Every structure is written in structure tokens, then in C-alpha cells.
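Asker: Sequence and computational prediction follow.
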Amino acid sequence: MSCLKELVWSDATRVEGIYCEKTDAYIKDAVSFCSTLVADYVIRQDEETKRYIVNYGGRTVNLYDTLEEAQDWAEYTHYKDKMSSFIKKEYL
């Protein structure tokens with residue numbers, strides 16, 4: 001059982017771009033966005049492959065076939081791993 005809250009994703013398709021405070025960067029063509037204590041997660045779609053890319057903390061990782069796969073990686077793999085040291089062990 002985890003005491004981490006589920007990430008809340010925003011639809012970013014209607015904006016020109018997303019400004020990430022944590023990296024002081026502006027990312028264009030975002031489709032989904034979520035800000036956490038760890039990083040600002042911005043998901044965009046690769047123009048050539050049409051696969052989804054996760055940008056966080058100035059890094060770009062992986063290509064996912066669906067938006068949901070990209071969000072799951074951010075939430076259940078990266079975010080959970082980075083926050084685990086801040087969670088009391090009885091919650092893990």
C-alpha cells in the first residue's frame with residue numbers, strides 16, 4: 001500500500017506550450033502535463049513516429065505507444081521511485 005497521491009494530469013493540447021518552473025524550460029506541442037514535487041512531467045507526441053515522449057527535469061525518456069502508457073511510466077515507475085525515500089517504510 002502506498003500513501004502517494006495519484007498524479008493529476010492536465011490536457012495541454014489547447015495551449016501553445018507548457019512552462020516548467022523546475023527546469024525553467026518551455027516545451028511546445030504538449031498533450032498532457034502534471035506538476036509534482038519531483039518534476040514537471042510533460043508528455044508530447046513525436047511528429048515522425050506518433051509515439052509519446054515524457055519530458056521531466058530537463059530529460060526526455062522513452063517512446064510509448066499510448067498516452068496512458070506514458071502517464072503510467074511517470075506515475076507508477078519514475079514518480080514512485082523518486083518519492084519512495086520520503087515515505088515512511090510502513091506505507092511501502
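Answerer: It's in.

Asker: Now do the same contact list for the residue most central in space within the chain.
Answerer: For the chain, the residue lying nearest the average C-alpha position, counting by CA atoms, centre = their mean, turns out to be Tyr41 (2.8 Å). The contact partners of Tyr41, taken as CB atoms under 8 Å, 6 or more residues apart in numbering, are Leu7, Ser32, Phe33, Cys34, Ser35, Val54, Asn55, Tyr56, Ala74, His78, Tyr79. In short, each C-beta sits where N, CA and C put it, glycine included.

Asker: Can you list the strands that the helix or strand harbouring it pairs with?
Answerer: Remark: Tyr41 resides in strand 40-45, with elements defined by DSSP states H and E. Based on DSSP bridges, the strands next to strand 40-45 in the sheet, each with its direction, are strand 30-35 (antiparallel), strand 52-56 (antiparallel).

Asker: and the next helix or strand after the last one, what's its mean pLDDT?
Answerer: Later in the chain than strand 52-56, the nearest helix or strand by DSSP H and E is strand 59-64. Taken as a whole, strand 59-64 has a mean pLDDT of 85.

Asker: Report the backbone C-alpha coordinates of strand 59-64 in CSV.
Answerer: This file holds the C-alpha atoms of strand 59-64, laid out as CSV (Å, rounded to 0.1, in the frame of the first residue of the first chain):
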residue,chain,number,x,y,z
ARG,A,59,15.4,14.9,-19.6
THR,A,60,13.5,13.1,-22.3
VAL,A,61,12.7,9.4,-21.9
ASN,A,62,11.3,6.6,-23.9
LEU,A,63,8.7,6.3,-26.6
TYR,A,64,5.3,4.9,-25.7
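
Asker: Model confidence for Ser2, exactly?
Answerer: At Ser2, the predicted lDDT confidence score is 56.

Asker: One more: the one 5 residues further on?
Answerer: The per-residue pLDDT reported for Leu7 equals 84.
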